[in-house]
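# Sequence below, structure please.
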Amino acid sequence: MPRKPPRRTRERIATTALALFNAAGEPHVTTADIADEMNISPGNLYYHFRNKDDIIGELYAAFAESVEPLLAGPSARAADVEDLWLFLHVLFERMWEYRFLFRDLDEIVSRNAQLAQRFAGLARRERSAVIELCEGLRAAGALDASDAEIAAVATNAVMIATYWMSFQRLARGAPADAEGMQFERAVAQVLALVAPYLRGAHRALVENLGARYLEGNDAQRRFRSREHNVNRP
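Prediction:
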């Protein structure tokens, strides 16, 4: 079986930086930390990236590329509730993979105007995608909401998506990279925004999905708590 080619240094720098940023928070990680973690010289790192913001830009581009397919919507058919669920689940999953971007969002965009514009553009596209999904549900007879109500739901959904990690950290008093900060609860929260406008079985399905997310999240937290108590000296 042929071996995979070794990853290029530039790719390794981005991967290492992502892990360190996610673990410690981007403001607390320097280019020297990244080089030290990789056991390379700072000069080698600067050959590939001029500074830390260049690395962040590379990681943001990877994140944006990973969510691009979600923003197109189901073009070949009318949207259904499962499209909405899948959109939210995958979006929050991708955000968790690149969580430092959102956990330290204000700090990052305050010093990088270009990245701020890219974030704003992505937020607008996410909002448009939610509107399109809701309009598709309305056209299929599954959702009863005005244009203004759909627009409000979409705006609130994007606000939750953008700041849910900060909210959970404040609400739970948890460390920035705590396992308890999982994206399932955020998915359930957005589903709860849409549920009141859905009809009959469609509403029941969304409410059931939301409840399953919360139950799974709570069950995992209880398991970790029991495991901690068992292992505690």
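# Flag every buried residue along stretch 117-132.
Residues of stretch 117-132 classed as buried: Arg118, Phe119, Leu122, Arg125, Glu126, Arg127, Ala129, Val130, Ile131, Glu132 (neighbour count, 16 or more other C-beta atoms under 10 Å). Yep, even glycine has a C-beta here, placed from its N, CA and C like the rest.
# tell me the mean pLDDT for the helix or strand containing Thr155?
Per DSSP states H and E, Thr155 falls inside helix 147-172. For helix 147-172, the mean pLDDT works out to 90.
# Give me the spatial nearest neighbour of the residue sitting nearest the centre point of the chain, chain neighbours excluded.
A centroid search over the chain (C-alpha atoms, centre = their mean) returns Met95, at 1.7 Å, as the residue closest to the centre. Excluding its sequence neighbours, the residue lying closest to Met95 (C-beta to C-beta, 6 or more residues apart in numbering) is Phe102, at 5.9 Å.
# How about the contacts made by that neighbour?
Contact partners of Phe102, counting by C-beta atoms under 8 Å, 6 or more residues apart in numbering, are Met95, Thr162, Tyr163, Trp164, Met165, Ser166.
# Quick check: of those, which lies closest to Thr16?
Nearest to Thr16 among those: Met95, at 20.2 Å, using C-beta to C-beta.
# any idea which element that closest one lies in?
Going by DSSP H and E, Met95 is part of helix 81-97.
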